[in-house]
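K.L.:
attaching a predicted model along with its sequence, questions to come.
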Amino acid sequence: DQQVKQNSPSLSVQEGRISILNCDYTNSMFDYFLWYKKYPAEGPTFLISISSIKDKNEDGRFTVFLNKSAKHLSLHIVPSQPGDSAVYFCAAGGTSYGKLTFGQGTILTVHP
Amino acid sequence: DTAVSQTPKYLVTQMGNDKSIKCEQNLGHDTMYWYKQDSKKFLKIMFSYNNKELIINETVPNRFSPKSPDKAHLNLHINSLELGDSAVYFCASSQDQHTGGGSEAFFGQGTRLTVV
């Protein structure tokens, strides 16, 4: 019963192009969504988040879009850089929750 | 000055042994967590503590016993280790127990446990 899913296990993108990572959730009680980035042998690090009262949040090269009706969010990275190569986890939580529920991650590879 | 640190980073042990993983955070956060990354790569909550008090226990076998001597520390003790316990365990902390805005979780680097 995975409430947060990332259906693409991997994504390969050329440097300078856009990377789009997708995430779907099933629990309509989630009201806060986050993206974490993870390098090998390190813990996940927080990247960007969005509250359910918004449909877009932007931070530099990173933009997260939220479509509540479709229970879908996406992370856009523009322009992609080789240093962005990592595993990206989508997570959901909120004011009613004491935990984050994670997707299984998408491996992003940015080629020079 | 690592924010969330856990030790050891790697742990190889035999079935049936008892082992502990330690976690410390210097962020002044009130809430700490243990997550397990299983073979399918999902990160799943095991426990959370808020100010030394157990808040969440996600149907984890009672061979796993968290201990929080103070709000900066949350250690994980595992008794009678089994092959299926092999995974990466992550400690995390957040400002408070509600994972809404401003309370993002910060993670340690993980402990790769291998049971042979």
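P.N.:
It's in.
K.L.:
number of residues surrounding A:Ala86?
P.N.:
Here the number of neighbours of A:Ala86 (other CB atoms under 10 Å in any protein chain shown) works out to 21. Any C-beta I mention is one placed from the backbone N, CA and C, and that applies to glycine too.
K.L.:
how close does it get to A:Tyr97?
P.N.:
Using CB to CB, to the nearest Å, A:Ala86 is found at 25 Å from A:Tyr97.
K.L.:
next: A:Asp59.
P.N.:
23 Å.
K.L.:
of those two, who's got more company?
P.N.:
Taking other CB under 10 Å, A:Asp59 and A:Tyr97 do not tie; A:Tyr97 has more neighbours (20 against 10).
K.L.:
SS state for that one?
P.N.:
Here A:Tyr97 is coil, with the state taken from DSSP: H, G, I helix; E, B strand; the rest coil.
K.L.:
for the helix or strand containing A:Leu11, which strands pair with it and how are they oriented?
P.N.:
If you go by DSSP states H and E, A:Leu11 is part of strand A:10-14. Sheet pairing for strand A:10-14, assigned by DSSP bridges, gives strand A:106-111 (parallel).
K.L.:
which SSE is immediately downstream of the strand holding A:Leu11?
P.N.:
According to DSSP H and E, the helix or strand after strand A:10-14 is strand A:19-25.
K.L.:
which residue is nearest the middle of chain B?
P.N.:
B:Trp34 (2.6 Å; CA atoms, centre = their mean).
K.L.:
give me the nearest residue to that one, chain neighbours excluded.
P.N.:
B:Met46 (4.4 Å; CB to CB, 6 or more residues apart in numbering or on different chains).
K.L.:
that neighbour contacts B:Asp38, doesn't it?
P.N.:
No: look at B:Met46 against B:Asp38 with CB atoms under 8 Å: they stay out of range, at 10.9 Å.
K.L.:
between the two, which is the more surrounded one?
P.N.:
B:Met46 (19 against 13).
K.L.:
around chain B, pick out the residues from chain A.
P.N.:
A:2, A:31-32, A:34, A:36, A:41-46, A:49, A:51, A:87, A:89, A:91, A:93-105 (CB under 8 Å from any CB of the partner chain).
K.L.:
about what we covered before: so the residue nearest to B:Trp34 is in which element?
P.N.:
strand B:43-50.
K.L.:
okay, the angle between the following helix or strand past that strand and strand B:43-50?
P.N.:
Later in the chain than strand B:43-50, the nearest helix or strand by DSSP H and E is strand B:53-57. Going by axes from the mean of the first three to the mean of the last three CA atoms, to 10 degrees, strand B:53-57 is angled at 160 degrees with respect to strand B:43-50.
K.L.:
what sits up against the helix or strand following strand B:53-57?
P.N.:
Heading C-terminal from strand B:53-57, the first helix or strand you meet, by DSSP H and E, is strand B:64-70. In this structure, residues lying in contact with strand B:64-70 by CB atoms under 8 Å, 6 or more residues apart in numbering or on different chains are B:32, B:34, B:46-47, B:49, B:52-54, B:74-79.
K.L.:
what comes up buried for strand B:64-70?
P.N.:
For strand B:64-70, the neighbour count (16 or more other CB atoms under 10 Å in any protein chain shown) marks B:Phe64, B:Pro66, B:Ser68 as buried.
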